[in-house]
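A.B. asks: predicted structure and sequence below. I'll ask about it afterward.
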Amino acid sequence: MLKIENISKRLGKEQILKDVSFEVSPGEVFGFLGPNGAGKTTTIRIITGLLEQDAGRVTVNGYDVVEERSKALTQIGAIVENPAFYPYLTGKQNLIHAKNLIPGLGQVDYDALARLVGLEGKLSKKVGEYSLGMKQRLGIARALLHNPRVLILDEPTNGLDPSGIAELREYLRQMAREQDIAILISSHMLSEMEQISDRYAIIDQGVIKSVESVRNETGAKIALRVNAEAMTDVLDALRVANYPSEVLENKIIITAPESECPAIARLVVPIADLHELTVKRLTLEEQFLQVTKKEGDSHAFAHTK
Amino acid sequence: MLSLIQNEWMKWWTTKKAKIVLALYVVIAVGIIIVAKTNDFEFTRYDYYSLTFVLLTSLLGIITIVFTAEAIGNEVRYDTMKHLLMSPYSRMTIYFSKLIFSILIMLFQFVFIAAIVYAGSFVFSEVGDPILFRDTIVEVVSPIFTIFMTLFFSLLFRSVGMIIGFTVLAQFFTSIAGNLLVGFKPAIAKWIVFMHLDWSMYFKDSMTYGTSEAMGTTLTFSALFVLAHIIVLLGASILVFQRKSYT
């Protein structure tokens, strides 16, 4: 759906992006993480046609953003940096303005859109009187106005209170699932992204460090408690099956994808009494630390909550 | 393109400024009638029409700078330019929608002024000289040129105040320099574009008649000279707008 292939961008003397590649599939919420100045917004500006890359290609639903700009951008709804509106126009007039920017777009049910983002009865107010949270919601309504196939949200939770963030999270997940929209969310808030995203990419100094699944496909901690006599046999069996394991406080700790639990259980049950099997998921922060440790980097950003 | 022009209209008409300006034209036109009547000025229809029309079109020149500067300057001010540029429309289409709207809104005000002043002239019973359509229509050249120039400056400066200030100063000082040069070095003055915006200088019954003779220019020369400047301003604006990054 959204495909970024080897894009590079230089601004002045500085290389902002180096060979950035990732893909967002329909129905997926994809987190785009990185510290401030890592290249997130530049990547988003390239995807939305605001900036042209020096090398590489961005396609939306098969359309190249540079070569087939109009077709590609019709498929995108986006909030870049912050939701900007004309403060002297009402919420509805701002949405009408946005509708007029999409060639050939038919009638829009503004009231339904307002209900969808929790702005019922507020569209007749001037945007200058809106709170930041209301502007964020209106920004999302504007981005969804033309039923885009790809939704791009740059720091969408800025200015939202905890209940607003929770609502937005539920809403985005539901929308991705039900309408099969590919959603790209950029943020530097790891805890938020952990709850919203299916997969994520970490960008730092213009380079993609890792593309992983939030659901611990690369490594959860699976803890087993078996009868003491069988401990050695179980460890041998796990080693033979290539599961890295260690013993900690009478428990066997295995680092493996969560999806391996049934296979591990099948391996252990014939040779030991399995008293307990628990899964401890790695937090996004732990995964991030793992990735940056692997790459030899370390960033304060990882601890941002 | 039409939908983009509709957007420009919505943004313009929603502001109080648009209505205040139209009201101001009416107040000035009516004010002059009241002043003339209460002071027993011996105004003919022609006197009232030519005086008030010149006054209001001078005001229109300033108002045109403000509205045109805001057409792009406000998009930068409210950070909404990125939304225009993220739309499937090309930058060229967006620029032309701003340009066409600025011209249309200026023409709308121009016709509005001509209509109220013409209607107001009927308050005076004496006809005087005939009111010529020609004298009215030549007044449109200057605001059209102003639009192209202001749009160009709006791509160079980010603040609306800077755009307005720079356009007004450029126009003001160059016109003064041109008018001074007409007296001393008319051959140089003829190469200043602002000296070619008032085409009434080519008509014998006009107050400005004679300027063109001093400069040794013809109406065709003035028309082509202004057109050449418009083409250069348009080309430069398109070039800048295509490359400019609004971050």
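C.D. replies: Okay, I see it.
A.B. asks: in the stretch 201-305 of chain A, which residue sits nearest chain B?
C.D. replies: In the stretch 201-305 of chain A, no residue comes nearer to chain B than residue A:206, which is 16.3 Å away by Cβ to the nearest Cβ. Just so you know, the C-beta spots here come from the backbone N, C-alpha and C atoms, and that holds for glycine as well.
A.B. asks: against residue A:25, how distant is residue A:49?
C.D. replies: From residue A:49 across to residue A:25, the span is 21 Å (Cβ to Cβ, to the nearest Å).
A.B. asks: the bottom helix or strand of chain B by mean pLDDT?
C.D. replies: Least confident helix or strand of chain B, by mean pLDDT, DSSP states H and E, is helix B:211-215 with a mean of 75.
A.B. asks: show me what that helix is packed against.
C.D. replies: Using 3 or more Cβ pairs under 8 Å, 6 or more residues apart in numbering or on different chains; DSSP states H and E, the elements in contact with helix B:211-215 are helix B:160-184, helix B:186-189.
A.B. asks: can you check which of the ones you listed gets nearest to chain A?
C.D. replies: Nearest to chain A, of those and by Cβ to the nearest Cβ, is helix B:160-184 at 14.0 Å.
A.B. asks: returning to that earlier point: more neighbours: which of residue A:49 and residue A:25?
C.D. replies: Higher neighbour count among residue A:49 and residue A:25: residue A:49, with 22 against 14, using other Cβ atoms under 10 Å in any protein chain shown.
A.B. asks: so what's the more buried one up against?
C.D. replies: A:65, A:66, A:69, A:72, A:73, B:85, B:86 (Cβ atoms under 8 Å, 6 or more residues apart in numbering or on different chains).
A.B. asks: repeat that for residue A:238.
C.D. replies: Residues in contact with residue A:238, defined by Cβ under 8 Å, 6+ apart, are A:245, A:252, A:254, A:264, A:267.
A.B. asks: with residue A:147 instead?
C.D. replies: Counting by Cβ under 8 Å, 6+ apart, residue A:147 touches residue A:179.
A.B. asks: now do the SS call for it.
C.D. replies: What DSSP: H, G, I helix; E, B strand; the rest coil gives for residue A:147 is coil.
A.B. asks: separation between it and residue A:192?
C.D. replies: 26 Å.
A.B. asks: can you mark which positions in the biggest helix by length in chain B are buried?
C.D. replies: In chain B, taking DSSP state H as the definition, the longest helix is helix B:45-77. For helix B:45-77, a neighbour-count test (16 or more other Cβ atoms under 10 Å in any protein chain shown) marks B:45-50, B:52-53, B:55-57, B:59-61, B:63-76 as buried.
A.B. asks: elements contacting that helix?
C.D. replies: helix B:2-14, helix B:16-38, helix B:81-85, helix B:91-121, helix B:141-156, helix B:160-184.
A.B. asks: which among these is found nearest to chain A?
C.D. replies: Across the helices and strands packed on helix B:45-77, closest to chain A is helix B:2-14 (Cβ to the nearest Cβ), at 3.9 Å.
A.B. asks: got the angle between that closest one and helix B:16-38?
C.D. replies: Counting by axes from the mean of the first three to the mean of the last three Cα atoms, to 10 degrees, helix B:2-14 lies at 60 degrees to helix B:16-38.
A.B. asks: only C-alpha atoms, please: export helix B:2-14 in PDB.
C.D. replies: The C-alpha coordinates for helix B:2-14 follow below in PDB (Å, rounded to 0.1, in the frame of the first residue of the first chain):
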ATOM      1  CA  LEU B   2     -12.700  26.500  -9.900                       C
ATOM      2  CA  SER B   3     -12.900  24.800  -6.500                       C
ATOM      3  CA  LEU B   4      -9.600  26.500  -5.500                       C
ATOM      4  CA  ILE B   5     -11.000  29.900  -6.500                       C
ATOM      5  CA  GLN B   6     -14.200  29.100  -4.500                       C
ATOM      6  CA  ASN B   7     -11.900  28.400  -1.500                       C
ATOM      7  CA  GLU B   8     -10.200  31.800  -2.000                       C
ATOM      8  CA  TRP B   9     -13.600  33.500  -2.100                       C
ATOM      9  CA  MET B  10     -14.700  31.700   1.100                       C
ATOM     10  CA  LYS B  11     -11.600  32.900   2.900                       C
ATOM     11  CA  TRP B  12     -11.900  36.500   1.600                       C
ATOM     12  CA  TRP B  13     -15.600  37.000   2.100                       C
ATOM     13  CA  THR B  14     -15.600  35.500   5.600                       C
END
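A.B. asks: nothing else from me, thank you.
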